[in-house]
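> Structure, please.
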Amino acid sequence: MIQSEKDYIKRIVDQLALFLAKALKLSQEGKHMEALETISINIEKVSDLKKAEIDAFSARELLEVMISKGFFLEQVNAVAELLLYEVQIKEEMTGKSDRVKLEKILKLIEYIDQQEKSTYSFDRQFKIEEIRRKLR
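Coordinates of the predicted model:
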């Protein structure tokens with residue numbers, strides 16, 4: 001991997017941490033709609049895809065688009081993490097899980113898991129199992 005790719009990936013990871021921290025703070029303050037707006041804006045920043053496009057794609061289509069556009073695994077992960085946090089906030093607000101988004105998140109996380117065979121992640125495995133449980 002060349003240095004510019006490493007720098008880009010580091011920036012994605014750093015941005016994700018900032019985005020999640022901001023959304024978490026807003027959510028904890030009861031500003032759920034602002035937190036959701038922050039997530040939407042930042043999904044577009046890390047993916048260069050419109051949030052409406054992401055929402056319109058099936059799980060398979062979203063992954064195919066990300067692969068065809070040459071997304072780094074860190075970008076795929078950032079989108080999955082932000083979508084997961086969006087689902088969690090909406091669950092707090094409504095008491096209901098967004099099944100369609102959970103399927104997208106699961107597809108993305110499973111793809112990352114398949115691609116990173118040399119790195120086992122307990123956190124990733126926990127998320128996969130938790131999402132599968134919610135989808136049953």
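
> Residue 85 and residue 38: what is the separation?
Distance of residue 85 to residue 38, given as C-beta to C-beta, to the nearest Å: 10 Å. In short, each C-beta sits where N, CA and C put it, glycine included.

> what do you get for residue 76?
20 Å.

> Just the element for the residue nearest the centre of the chain, please.
Centroid check for the chain by C-alpha atoms, centre = their mean gives residue 80 as the closest residue, at 1.8 Å. Under the criterion of DSSP states H and E, residue 80 resides in helix 73-94.

> Ok, residue 103 next?
Assessed by DSSP H and E, residue 103 sits inside helix 99-115.

> buried stuff in the very next helix or strand once past that helix?
Sequence order places helix 122-135 as the next helix or strand after helix 99-115, per DSSP H and E. For helix 122-135, a neighbour-count test (16 or more other C-beta atoms under 10 Å) marks 124, 127, 128, 131 as buried.

> for this structure, which helix is longest?
Longest helix in the chain, counting residues (DSSP state H): helix 3-28.

> Now that one: average pLDDT?
Averaged across helix 3-28, the pLDDT comes to 76.

> Same question for stretch 45-56.
Stretch 45-56 shows a mean pLDDT of 93.

> How about stretch 65-72?
96.

> buried set for it?
66, 71.

> what angle sits between the helix or strand harbouring residue 62 and helix 73-94?
Secondary structure from DSSP H and E places residue 62 in helix 59-68. Helix 59-68 runs at 150 degrees relative to helix 73-94, counting by axes from the mean of the first three to the mean of the last three C-alpha atoms, to 10 degrees.
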